[in-house]
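coordinates only, no sequence provided:
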């Protein structure tokens, strides 16, 4: 069975550019989560969706960050404009009915 | 917000040794999860705990849900080279269900040849 799929795996961009990260959750899972991992702050929850509806976006750092889930099999996390301090690994995770979350391989973002 | 404190931050052990690490919180958690992360990969769920006092095993791994519900422990017996990685504890801060997780900062396990 396919796990959580994220693309791209690596992204290098210049400051000021728009960045879009993509996620396909595990089929049948109804919750989707976006996390960010840095050396300084560890793994932090950015936003999560239940049944495609955003539930808690209090972890989104600024208005430059936005996330959408247009359907049950796809979500995007967008950063516009990007800044060097946004450099991190971004993970998407999904879960069914419960607390067990399954993570994708992550997108390593570098903003120059 | 709620924080999870993991200790030790890192462990240097010999292959074959047993490993113990723990996770504490200032507030109660109703679920404890233990994940392992290999370099360049996402965290992989190892063990989930749902009841105070619960003791659960997964192969050479054993985890316990503390009685106070403010701590959890993970033990690895007879470590092998593939156990190297970062181990995270995590839990849903608001009580459970499909909520986002709070993660500890991790315990880095390094196995010396």
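All right, it came through fine. For clarity, every value in this text was computed on a predicted model and none was experimentally measured. Residues are numbered from 1 along each chain as shown, chains lettered A, B, ... in the order given.

once you drop chain neighbours, what's closest to residue B:66?
residue B:72 (5.8 Å; Cβ to Cβ, 6 or more residues apart in numbering or on different chains). Using the backbone N, CA and C atoms, a C-beta is placed for each residue, glycine as well.

verify the stated contact: that neighbour with residue B:34.
Yes: with contact defined as Cβ atoms under 8 Å, residue B:72 reaches residue B:34; the gap is 7.4 Å.

which one of the two is surrounded by more residues?
Taking neighbours as other Cβ atoms under 10 Å in any protein chain shown, residue B:72 and residue B:34 compare with residue B:72 leading, 28 against 25.

got a pLDDT number for the more buried one?
In this model, residue B:72 is scored at 97, pLDDT.

picking that back up, so is the residue nearest to residue B:66 in a helix, a strand, or just coil?
Assigned with DSSP: H, G, I helix; E, B strand; the rest coil, residue B:72 falls in the strand class.

what bridges to it?
residue B:23, residue B:65 (DSSP bridges).

who touches both of residue B:72 and residue B:34?
B:63, B:89 (Cβ atoms under 8 Å, 6 or more residues apart in numbering or on different chains).

which phi and psi values does residue A:109 adopt?
Backbone torsions for residue A:109, taken as degrees, to the nearest 10, come to phi -100, psi 130.

tell me which element the residue lying closest to it once chain neighbours are set aside falls in.
Nearest-residue entry for residue A:109: residue A:11, 5.0 Å, with adjacent residues in sequence omitted and distances by Cβ to Cβ, 6+ apart. Here residue A:11 sits within strand A:10-13, counting by DSSP states H and E.

so what does that strand touch, helix or strand wise?
Applying 3 or more Cβ pairs under 8 Å, 6 or more residues apart in numbering or on different chains; DSSP states H and E, we find strand A:10-13 packed against strand A:19-24, strand A:107-111.

check contacts around residue A:34.
Residue A:34 touches A:23, A:45-48, A:67, A:75, A:77, A:90-92, counting by Cβ under 8 Å, 6+ apart.

again with residue B:74
Contacts were defined as Cβ under 8 Å, 6+ apart; by that measure residue B:74 touches B:20-23, B:34, B:46-47, B:61-63, B:87, B:89.

follow-up on the earlier one: give the contact list for the residue nearest to residue B:66.
Contacts of residue B:72 by Cβ under 8 Å, 6+ apart are B:22-23, B:29, B:32, B:34, B:49, B:63-66, B:89.
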